[in-house]
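A.B. asks: I would like to see how this sequence folds:
(4 chains)
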There are 2 protein chains.
Amino acid sequence: MAATAFSDVASIDRREEVLAAAAECFMRRGYEATSMDDVAEALGATKGRVYHHFRSKPELFFEVYRRAMAILVNGAAAAEEGGGSAAERLERVSRIHVLSMMETQTFQRSLTLGADLYRFGNAGVHKAVLEELMDIRRSYEDVFRRLFAEGNADGSLGPLDPSLAMRTVLGALNWVAIWYSPQPGETRAHRERLAEDIATQVLGGYLAG
Amino acid sequence: MAATAFSDVASIDRREEVLAAAAECFMRRGYEATSMDDVAEALGATKGRVYHHFRSKPELFFEVYRRAMAILVNGAAAAEEGGGSAAERLERVSRIHVLSMMETQTFQRSLTLGADLYRFGNAGVHKAVLEELMDIRRSYEDVFRRLFAEGNADGSLGPLDPSLAMRTVLGALNWVAIWYSPQPGETRAHRERLAEDIATQVLGGYLAG
DNA sequence: GTCTATAGAAAGATAGAC
DNA sequence: GTCTATCTTTCTATAGAC
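C.D. replies: Predicted coordinates:
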């Protein structure tokens, strides 16, 4: 029993390594241009190892995407728990969002790749699973929409269109995953400070008063 | 003389068609995954036609990228000509920027592709040309940096870090090229209205007072 | 100017050795 | 669990017909 659990953990770690390597490759080259050999090479292995853990390239990508969304959804849930006005919760959710863009950048980059696969299609990728992925994304966007609507109601945010505000704010926050590149000697405190500055600046125009 | 000029114009139009098809393909599949056959197919031709106008895939991409940047640079120059406070000029530059994201989306999408090629490299793409492309991009970003600094000086914009403000504002504006999809029956007036709403909302937090 | 035909390399996925 | 070997398709780019 203990041996089984232990071997499960080891197996999960191996799978995790493959996922991380795949996320890195997808960020660097995009979905289609990334080959299974690329992922294997990033692992210092051959693709036998990759195919042992994932049936196909689409399945590998789906798991990277789901992981990225899970990080955002869990972060937002934790940030909302503290309570406070809609503006205060929005500020905390935005800050953790930016931090995730920096600290799990390789995974987060898969979100735009997935959106493009959904919009433009791809021979080997099943539309049904992409629909599921887009649903997760939409429900996360709804968190922001709801927070803007609540802010209208509790007076902590100015009068605004929740959908447009969600798009402009998430645009500014998501863009961090595009330009951010970790600096040598950078600490978590640096990233937290940057995330705070960005969230403050982005939300400045939406606060009441 | 007239015949020569006429044939030049026709030749330029052909080249333009190839460029537009390439921009579309690069948006849909990314740089690496786009094949010269894809571009040819989008033209309803074979790749003989593509290679007649462009020596190689990198050269084709470079031209798409330069075209995208030229649209932005010319738009910003026109928007600044009207004069006014830094805030007023920033608002006009932002509006035309968003309009360009919508109306020349296929070209504008090449800008993030180019940034990734620069950052992560690619076997067939010469670093030197990518450096040139990044320089054009940086000088365009400087327009926004300068406008924020001028706004600090003339009092039309609140006190802020011009570089951070440039990144958050351009992030929100650039994100339009990611999510925007032209709607059936959509008119130019619709897009202008949307561009105005987005620019107003994004810049709301940066205005003085 | 645009086509067909072709080269050499690399892709996703599977089979079977270890 | 990971490797090597392999099948089939597709890639960039060129050569030469029309």
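A.B. asks: just the helices in chain A please.
C.D. replies: A:2-29, A:36-43, A:47-53, A:57-81, A:86-103, A:105-108, A:110-120, A:127-154, A:162-179, A:188-203 (DSSP state H).
A.B. asks: want to try a markdown table for those helices, with mean pLDDT, mean neighbour count and distance to chain B as columns?
C.D. replies: For the C-beta atoms, the positions are set from N, CA and C on the backbone; glycine is no exception. Converted to a markdown table, the helices of chain A look like this (pLDDT from 0 to 100; neighbours: other C-beta atoms under 10 Å in any protein chain shown; distance: least, C-beta to the nearest C-beta, whole Å):
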| stretch | mean pLDDT | mean neighbour count | distance to chain B |
| --- | --- | --- | --- |
| helix A:2-29 | 83 | 16 | 4 |
| helix A:36-43 | 97 | 18 | 11 |
| helix A:47-53 | 96 | 15 | 18 |
| helix A:57-81 | 98 | 19 | 12 |
| helix A:86-103 | 98 | 22 | 10 |
| helix A:105-108 | 98 | 23 | 11 |
| helix A:110-120 | 98 | 19 | 4 |
| helix A:127-154 | 97 | 16 | 10 |
| helix A:162-179 | 98 | 22 | 3 |
| helix A:188-203 | 97 | 17 | 5 |
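A.B. asks: Residue of chain A closest to DNA strand C, please.
C.D. replies: Closest residue of chain A to DNA strand C, C-beta to the nearest atom of the strand: A:S35 (3.0 Å).
A.B. asks: gap between that residue and chain B?
C.D. replies: 10 Å (C-beta to the nearest C-beta, to the nearest Å).
A.B. asks: Number of residues surrounding that residue?
C.D. replies: 13 (other C-beta atoms under 10 Å in any protein chain shown).
A.B. asks: what residues are up against A:A40?
C.D. replies: The contact partners of A:A40, by C-beta atoms under 8 Å, 6 or more residues apart in numbering or on different chains, come to A:T46, A:K47, A:G48, A:R49, A:V50.
A.B. asks: returning to what we had before: and B:R193, which of the helices of chain A is closest to it?
C.D. replies: helix A:162-179 (11.5 Å; C-beta to C-beta).
A.B. asks: Give me the contact list for the closest one.
C.D. replies: A:94, A:97-98, A:101-102, A:105, A:108-109, A:111-112, A:141, A:144-146, A:148-149, A:152, A:198-199, A:202-203, A:206, B:112, B:115, B:167-176, B:178-179, B:197-198, B:201-202.
A.B. asks: just stretch A:105-122 next, same as before
C.D. replies: By C-beta under 8 Å, 6+ apart, stretch A:105-122 touches A:20, A:23-24, A:26-27, A:30-32, A:61, A:64-65, A:67-69, A:71-72, A:100-101, A:125, A:127, A:130-131, A:133-134, A:137, A:174, A:177, A:180, B:27-29, B:178-179, B:181.
A.B. asks: switch the cut-off to 6 Å
C.D. replies: Contact with stretch A:105-122 is made by A:23-24, A:26-27, A:31, A:64-65, A:67-68, A:101, A:125, A:130, A:133-134, A:177, B:28, as judged by C-beta atoms under 6 Å, 6 or more residues apart in numbering or on different chains.
A.B. asks: Against B:F61, how distant is A:L43?
C.D. replies: 29 Å (C-beta to C-beta, to the nearest Å).
A.B. asks: re earlier: do you know which of the helices of chain A lies nearest B:A77?
C.D. replies: Across the helices of chain A, closest to B:A77 is helix A:162-179 (C-beta to C-beta), at 23.9 Å.
A.B. asks: Tell me what angle the closest one forms with helix B:188-203.
C.D. replies: Using axes from the mean of the first three to the mean of the last three C-alpha atoms, to 10 degrees, the inter-axis angle of helix A:162-179 relative to helix B:188-203 is 70 degrees.
A.B. asks: Distance from the chain centre to helix A:162-179, please.
C.D. replies: What separates the centre of helix A:162-179 from the centre of its chain is 13 Å, taken as C-alpha atoms, centre = their mean, to the nearest Å.
A.B. asks: do stretch A:130-145 as well
C.D. replies: Using C-alpha atoms, centre = their mean, the offset of stretch A:130-145 from its chain centre is 12 Å.
A.B. asks: Equivalent analysis for stretch A:134-148, please.
C.D. replies: 13 Å.
A.B. asks: ok, residues contacting that stretch?
C.D. replies: A:M69, A:L72, A:V73, A:A76, A:A86, A:L90, A:Y118, A:P162, A:A165, A:M166.
A.B. asks: Next: stretch A:187-206.
C.D. replies: A:E91, A:S94, A:R95, A:V98, A:L99, A:M102, A:L157, A:V169, A:A172, B:T168, B:G204, B:G205.
A.B. asks: Spatially nearest residue to the fifth one (excluding sequence neighbours)?
C.D. replies: Once flanking residues are discounted, A:L99 sits nearest to A:A195: 4.5 Å by C-beta to C-beta, 6 or more residues apart in numbering or on different chains.
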